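S.K.: Return a 3D structure for these sequence lines:
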Amino acid sequence: MTAMEVARPKGNFVYRGSLISIEQVELVDSAGKTQMRDIVRHPGAVVVVPVLPDGSLVIIRNFRIAVGEWLEEFCAGKLEPGENPLQAASRELEEETGYRGGRVEPLGSFYSSPGFTDELMQVFVATELTQVGQRLEPDERIEVAIRTPSQMQTSIQNGGIRDAKTIAAFQLWSSKS
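M.R.: You can find the predicted model right below:
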């Protein structure tokens with residue numbers, strides 16, 4: 001083990017909310033010095049890359065209250081307790097974009113920001129799409145847009161797309177298509 005390596009530390013939960021919990025953990029380094037860390041515990045999430053028959057991608061413009069901005073991103077959402085990630089991906093695709101995927105398949109996964117959270121995002125690609133209509137939650141402000149892969153790449157490069165999960169999911173999809 002390295003100086004700060006431990007098997008998933010256990011601490012005291014200082015906050016429990018509907019989306020996240022915050023656990024305060026104590027680590028002891030090789031010099032015997034105690035370090036406190038706040039870790040955001042998250043149930044995990046899914047992100048979906050919806051691909052139309054012509055190769056265009058379905059994205060959403062989503063008003064994100066945390067940053068006070070409209071962001072262009074792929075549809076995504078947290079896992080409900082005990083929910084299968086594939087089912088969550090299909091659910092989020094329909095709710096946020098109004099499309100149903102005839103095929104929804106896993107692409108990979110990544111930790112969103114492992115410096116302070118254990119959130120694992122599982123990426124799926126959805127094809128054979130049919131429109132079924134959005135089913136937004138009352139607090140969601142989401143608009144649907146269509147972008148070519150080239151438009152996505154340009155928008156990522158020029159800072160138009162700044163959502164990390166979208167950038168990571170686009171990279172995973174691009175590397176496998």
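
S.K.: Chain neighbours aside, what residue packs nearest to P50?
M.R.: Leaving aside its sequence neighbours, P50 sits nearest to V58 (CB to CB, 6 or more residues apart in numbering; 3.9 Å). Every C-beta, even on glycine, is put in place using the N, C-alpha and C of the backbone.

S.K.: E95 and C75, how far apart?
M.R.: Distance, E95 to C75, by CB to CB, to the nearest Å: 8 Å.

S.K.: more crowded one of these two?
M.R.: Set side by side, E95 and C75 show more neighbours around C75, with 27 against 16, by other CB atoms under 10 Å.

S.K.: Output the lowest-mean-pLDDT helix or strand in the chain as PDB, nothing but the C-alphas.
M.R.: One helix or strand of the chain scores below all others by mean pLDDT, DSSP states H and E: strand 12-16, with a mean of 86. In PDB, the C-alpha atoms belonging to strand 12-16 read as follows (Å, rounded to 0.1, in the frame of the first residue of the first chain):
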ATOM      1  CA  ASN A  12     -19.200   9.500   9.300                       C
ATOM      2  CA  PHE A  13     -22.000  10.800   7.000                       C
ATOM      3  CA  VAL A  14     -22.300  14.500   7.600                       C
ATOM      4  CA  TYR A  15     -25.100  14.900   5.000                       C
ATOM      5  CA  ARG A  16     -27.600  12.700   3.400                       C
END
